[in-house]
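S.K.: coords please:
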Amino acid sequence: METIGNPWLWASFGGLVVVALMVDLVLMRHGGAHKVTFKEAMWWSLGWVALALAFNGGLWWYVHETAGLAQANRVGLEFLTGYLVEKSLAVDNIFVFLMLFTYFAVPEEQRQRVLVIGILLAIVLRAILIFAGAALLAKFHWMLYVFGAFLLLTGVKMWFAAGKEPSLENNPVLRWLTAHVPFVRRYHGGALWLGSGRRRKFTPLFIVLVMIGITDVIFAVDSIPAIFAITYDPFIVLTSNVFAVLGLRAMFFLLAGMADRFHLLPYGLAVVLGFIGAKMLLVDVYKIPVLWSLGVVALILGTTIALSLARPARRTADG
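M.R.: Reported below is the predicted structural model:
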């Protein structure tokens, strides 16, 4: 499979991610365990978005110098479209994370640590899935139709599930964990377990981490095929994915208090998945230009967000 990624680009990307994560962790540790304010989350979110755009600018400049303007514009649009798709689909992750934190009553001061570990797990798991997907597409072209049909069905399923209150009570993974993993009912600071050997017991924080890891794998199975509809280049797929995930922690604290204000967004995400699925199914009939894809995705998301704010969700008698 063709890619613009060369050893220099991969090394630069890896170094940038490591430095960004180290700065993030150092600043988080310096601030100590605390409740993240809306203002703090907003500045961090803007910082992660700015970093992603700066990386895209640097990538555009490099490709422009080595391969010309047309190639640079194509790469820049593919990265931006992929980043927007992954960033928007990450909102669904946030809603599930919020549900997990509420269900397990995770203390505010421990939520940052859980999200940081979850993001590190997400980066590793997504890298594995992306390279596996790229290898499959390179060898079996018909996998595009499988991915497209899967995304189309996922979009339909998401549409009909939108507006319904999700429940963890009957989640099979959670039921298995609570039945087979010895754990204590109370939190003990940031500890994931107490004791050692056969006497070891896990805290609720450990259960939450496992559930977040599993949740991200499930969402990655949806989102990674979606970005392969934008580009087949594993370098662009991975970089746009990782930059979208890096800002997940800040975006969680930014949107956590406003989740109910974007009640129509799941419908928009369902339409986006349906559009991308159809794009993959039509790839051998008509290849939709990347600029059109970017415009359609931005229009769908912008419309559903605007409608959500214009028509607030009706509160039930209980809420």
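
S.K.: for the rest of this, base every contact and every neighbour count on C-alpha atoms.
M.R.: OK.

S.K.: past the longest helix seen in the chain, which element shows up next along the chain?
M.R.: Looking across the chain with DSSP state H, the single longest helix is helix 69-103. Next helix or strand after helix 69-103 toward the C-terminus (DSSP states H and E): helix 108-139.

S.K.: so what's the residue nearest to Phe262 when sequence neighbours are not counted up against?
M.R.: Of all residues not flanking Phe262 in the chain, Ser308 sits nearest, at 5.2 Å (Cα to Cα, 6 or more residues apart in numbering). For Ser308, the contact set (Cα atoms under 8 Å, 6 or more residues apart in numbering) comprises Arg261, Phe262, His263, Leu264, Leu265.

S.K.: from Ala122, how far out is Ser308?
M.R.: To Ala122, Ser308 is 29 Å away according to Cα to Cα, to the nearest Å.

S.K.: what's the answer for Leu89, then?
M.R.: Distance from Leu89 to Ala122, by Cα to Cα: 14 Å.

S.K.: tell me where the stretch 101-250 of the chain has strands.
M.R.: Secondary structure of the stretch 101-250 of the chain by DSSP state E, counting those that start in this stretch: the strands cover 193-194, 201-202.

S.K.: I'd like those as a markdown table, with mean pLDDT and distance to Leu27 appended.
M.R.: Listed next are these as a markdown table, based on pLDDT from 0 to 100; distance: least, Cα to Cα, whole Å:
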| stretch | mean pLDDT | distance to Leu27 |
| --- | --- | --- |
| strand 193-194 | 84 | 25 |
| strand 201-202 | 86 | 28 |
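
S.K.: out of those, nearest to Pro182?
M.R.: strand 201-202 (5.2 Å; Cα to Cα).

S.K.: which residues of this structure score low on pLDDT?
M.R.: Within the chain, the stretches with pLDDT under 70 are 1, 28-34, 163, 165-169, 257-260, 313-319.

S.K.: could you pull out the helices for it?
M.R.: Per DSSP H, the chain carries helices over the ranges 7-31, 38-67, 69-103, 108-139, 143-161, 172-180, 204-228, 234-246, 248-255, 265-281, 290-310.

S.K.: okay, those in CSV with distance to Gly197 next?
M.R.: Shown next, in CSV, are the helices of the chain (distance: least, Cα to Cα, whole Å):
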stretch, distance to Gly197
helix 7-31, 29
helix 38-67, 39
helix 69-103, 28
helix 108-139, 23
helix 143-161, 42
helix 172-180, 16
helix 204-228, 16
helix 234-246, 34
helix 248-255, 33
helix 265-281, 44
helix 290-310, 50
